[in-house]
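> Dropping a prediction and its sequence here:
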Amino acid sequence: MKPHILMPQIPEEQQTPIVRQLLDIIDQQARIIDQMATQIQLLKDEIARLQNRPPRPKIQPSRLEAKRSKKKKGSKGKRAGSAKRPKTAQLEIRDTKPIEPECIPPGSTFRYYNTWVVQDLKLQPYNIRYRLKVYETPDGAYVSGKLPANLNNSHFGPELIRFVLYQYYHCHVTQPLLLEQLHEIGIDISAGHLNRLLIEEKDRFHLEKDQILATGLEVSSYINVDDTGARHMGRNGYCTHIGNEQFSYFESTQSKSRINFLKL
């Protein structure tokens, strides 16, 4: 690395003959030091060559600043980022609240709105009471209304179950923290029932997973495959990936071979 000497910036009106002479001396010394640094580096490279050591790597100058300057300039003199779409153009507006000015002078006429979109989030319990009507038939039997099929006779709705599964499997929130989070939101659920929501009655997810590979093979013109070592059910095995940019399928097996791939 070459030494770098910063020349002092002295206003021209303060540059007396002595100051100019000192500046010339500093400039000459800087050039001599630069030449010496170049000569020392050449000698170091020659010593490394004679000792059969690897040569000094040639590091290309960074192009990051050039890319940044191009981005800042933009096209047709526009500032960087001016061509981006409005950030709130695709948002679904749930509520609209007009706001009047604090003080409206007499005789003022309304002209237009200044729109200000605010993104917010609501995490609150949404409890529903289903009242199943029961009727007595003329023959003494009883008929009753039925719960919606998507409830699966559960006291916890599909949106809550979806949130629980997303937090646990995708966001990797531990079960104790997830239970604490639900209690803080206002959901009355026990640790045992939370555990059942996480591990029981997941056959439809396994069925969907089994259909991924068959559907992916039908719509794909090519696939990639890769095997990597993995622990499965307490034993050393392999995890095989089959897929492309459209789908990904993973399966744990005890073999790593062409036959195993064809079986999968």
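Everything's here; your move.
> Which helix or strand contains residue 25?
helix 17-50 (DSSP states H and E).
> Three-state assignment for the closest residue to residue 185 other than its chain neighbours, please.
Once flanking residues are discounted, residue 185 sits nearest to residue 123: 5.5 Å by Cβ to Cβ, 6 or more residues apart in numbering. Backbone N, C-alpha and C define where each C-beta goes, glycine included. Of the three states, residue 123 takes coil under DSSP: H, G, I helix; E, B strand; the rest coil.
> Residue 123 against residue 184, yeah?
No - when contacts are counted by Cβ atoms under 8 Å, residue 123 is not listed as touching residue 184 (9.3 Å).
> starting at the chain centroid, how far to stretch 197-212?
Distance of stretch 197-212 from its chain centroid, counting by Cα atoms, centre = their mean, to the nearest Å, is 26 Å.
> ok, now stretch 111-125?
Offset of stretch 111-125 from its chain centre (Cα atoms, centre = their mean): 24 Å.
> same thing with stretch 206-219?
26 Å.
> Equivalent analysis for stretch 248-260, please.
Centre-to-centre, stretch 248-260 and its host chain are 29 Å apart (Cα atoms, centre = their mean).
> mean confidence score for it?
Looking at stretch 248-260 alone, the average pLDDT works out to 86.
> Could you point out which residue ranges in the stretch 51-200 of the chain have low pLDDT?
For the stretch 51-200 of the chain, the stretches flagged by pLDDT under 70 are 67-85.
> For the stretch 1-150 of the chain, just list every one of the strands.
134-136, 142-144 (DSSP state E, counting those that start in this stretch).
> Check the stretch 151-264 of the chain too.
224-232, 235-243, 248-253.
> and these as TSV, adding distance to residue 19 and mean neighbour count?
Output for these, formatted as TSV (distance: least, Cβ to Cβ, whole Å; neighbours: other Cβ atoms under 10 Å):
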stretch	distance to residue 19	mean neighbour count
strand 224-232	69	11
strand 235-243	71	15
strand 248-253	71	15
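> What separation do you get for residue 109 and residue 115?
To residue 115, residue 109 is 19 Å away according to Cβ to Cβ, to the nearest Å.
> Settle it for me: which of these two has more neighbours?
Of the pair residue 109 and residue 115, residue 115 is the one with more neighbours under other Cβ atoms under 10 Å, namely 8 against 4.
> Could you check how far that one is from residue 188?
Distance from residue 115 to residue 188, by Cβ to Cβ: 40 Å.
> What of residue 21?
87 Å.
> show me what contacts the nearest residue to residue 243 once chain neighbours are set aside?
The shortest distance from residue 243 to any non-neighbouring residue, by Cβ to Cβ, 6+ apart, is to residue 249 (5.5 Å). By Cβ atoms under 8 Å, 6 or more residues apart in numbering, the contact set of residue 249 is 212-213, 216, 241-243.
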